[in-house]
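[1] Any chance you can model this:
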Amino acid sequence: MSVSVNNLSKQYGKQLVVDDISFLAEKGKITGFLGPNGAGKSTTMKIATCFIPATNGTVEIEGLNVNNNPIEIKRKIGYLPEHNPLYLDMYVLESLEFTASLYGQRNNKARIASVIEQVGLGKEQGKKVGQLSKGYRQRVGLAQAIIHDPEVLILDEPLTGLDPNQIVEIRSLIKDLGKNKTVIFSTHIMQEVQYLCDKVIIINKGKIVADKSLSDLQLSDDNSKIVLVEFGKSFDSQSLNSLKGVISVITQSITHAKITYSPEHDIRPDLFNWAQQNNNAILSLRAQEESLETIFQKLTS
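    All right, here's what the predicted structure looks like:
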């Protein structure tokens, strides 16, 4: 099952919050949906989960339009919103039983027990939700999102309020869920994106500014690419600088070079030829990936 967003726009008065965006989230992959505050992430998620209507465009889940099939779509999705709404006076177990009943799973004690175990709420199930820490309330919200075993999971800041140990546990759960479901995952924690996501979509001021696999995003740059080279012996940086497409050569040691080059030219064949002609050897060659934080800042500043 996939989530297809097509030419989606949302306008409040004169303010265009989401501006004609399109993207695809596929089954078996975790799609990171990133952007600064106010970029349009949560609005897009609310439209996809049938909470608010779009101004223009469509969201389709397995070919079903959210405008025309809201009830059927809600059966297929699990949603954890950024501001997790919970009934604080309910006990944890009672809260999950109530949520399960909304999906037609009354008295499904085995499923409820399984979800409680999955999200690590076993010791807390006898407490009222209002007595829980913020991290455990997030676990309750996640449990409610997966209680009906949905085919699509939309998670808006699911790791908010979790301590480091809890983050590891919930991260592992999301990773496992992403193997067989379509997961759209929004967060400001870039390390979690790098650990969890197969694909990254970045939205800024209502527009998509990046839509790539994580590896392609980290290797891509519109202006230049960087390769780190280890030679067998010392090298002449001026000679390297004369190769076609090379922008700069930085000597990091007598045998290590950092070469910046134009993305329009594949430097590898010329580099190996240069090494052979200069009686040198290339011991290692690897592309330098930019940090996700740096890429995010470039695209959203």
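[2] you'd agree Asn280 is up against Phe231?
    Yes: counting by CB atoms under 8 Å, Asn280 touches Phe231, with 5.2 Å between them. (Glycine included, C-beta is placed from N, CA and C.)
[3] Neighbour count: these two, which is higher?
    Neighbour count, other CB atoms under 10 Å: between Asn280 and Phe231, Phe231 has more, with 20 against 16.
[4] where exactly do the strands run in the stretch 201-301 of the chain?
    207-213, 225-231, 246-251, 256-261, 282-287 (DSSP state E, counting those that start in this stretch).
[5] May I see these organised as TSV, with distance to Leu80 and mean pLDDT added?
    Listed next are the strands of the stretch 201-301 of the chain as TSV, based on distance: least, CB to CB, whole Å; pLDDT from 0 to 100:
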stretch	distance to Leu80	mean pLDDT
strand 207-213	23	93
strand 225-231	37	91
strand 246-251	45	92
strand 256-261	42	92
strand 282-287	35	92
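[6] Which residues are in contact with Ile174?
    By CB atoms under 8 Å, 6 or more residues apart in numbering, the contact list for Ile174 reads Ile30, Leu153, Leu155, Pro158, Val183, Phe185, Leu196.
[7] Take those and keep only those in strands.
    Ile30, Leu153, Leu155, Val183, Phe185 (DSSP state E).
[8] between the residues you listed, which is closest to Gln105?
    Nearest to Gln105, judged by CB to CB, of the ones in strands among the contacts of Ile174 is Leu153 at 17.1 Å.
[9] Any idea what the closest one is bridged to?
    Gly78, Val183 (DSSP bridges).
[10] Contacts only, for it.
    77-80, 145-146, 174, 177-178, 181-184.
[11] cool, Tyr261 as well?
    Ser224, Lys225, Ile226, Val227, Gly245, Val246, Ile247, Ile267.
[12] can you put the contacts of Ile174 in a markdown table and add distance to Leu240 and pLDDT?
    As requested, the contacts of Ile174 are exported to a markdown table (distance: CB to CB, whole Å; pLDDT from 0 to 100):
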| residue | distance to Leu240 | pLDDT |
| --- | --- | --- |
| Ile30 | 40 | 95 |
| Leu153 | 49 | 95 |
| Leu155 | 47 | 94 |
| Pro158 | 47 | 88 |
| Val183 | 44 | 95 |
| Phe185 | 42 | 91 |
| Leu196 | 38 | 91 |
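[13] Now list the buried members of those residues.
    Ile30, Leu153, Leu155, Pro158, Val183, Phe185, Leu196 (16 or more other CB atoms under 10 Å).
[14] okay, the residues you listed in CSV with distance to Arg286 next?
    Shown next, in CSV, are the buried ones among the contacts of Ile174 (distance: CB to CB, whole Å):
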residue, distance to Arg286
Ile30, 26
Leu153, 34
Leu155, 33
Pro158, 33
Val183, 30
Phe185, 28
Leu196, 24
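[15] From the residues you listed, pick the one nearest Met90.
    Pro158 (20.6 Å).
[16] how many neighbours does the closest residue to that closest one other than its chain neighbours have?
    In this structure, Pro158 finds its nearest non-sequential neighbour in Leu80, 5.3 Å apart by CB to CB, 6 or more residues apart in numbering. Using other CB under 10 Å, Leu80 has 23 neighbouring residues.
[17] so how far is Leu159 from Leu80?
    10 Å (CB to CB, to the nearest Å).
[18] Give the residues shared as contacts by the two.
    Common neighbours of Leu80 and Leu159 (criterion: CB under 8 Å, 6+ apart): Gln138.
[19] and Leu88, which of the three is it?
    coil (DSSP: H, G, I helix; E, B strand; the rest coil).
[20] neighbours around it, how many?
    Neighbour tally, Leu88, other CB under 10 Å: 12.
[21] Next up, the contacts around it.
    Lys128, Val129, Gly130 are the contacts of Leu88 under CB under 8 Å, 6+ apart.
[22] one more time with 10 Å
    By CB atoms under 10 Å, 6 or more residues apart in numbering, Leu88 lies in contact with Ser95, Lys128, Val129, Gly130, Gln131, Leu132, Arg137.
[23] State the distance from it to Asp211.
    Taken as CB to CB, the span from Leu88 to Asp211 is 39 Å.
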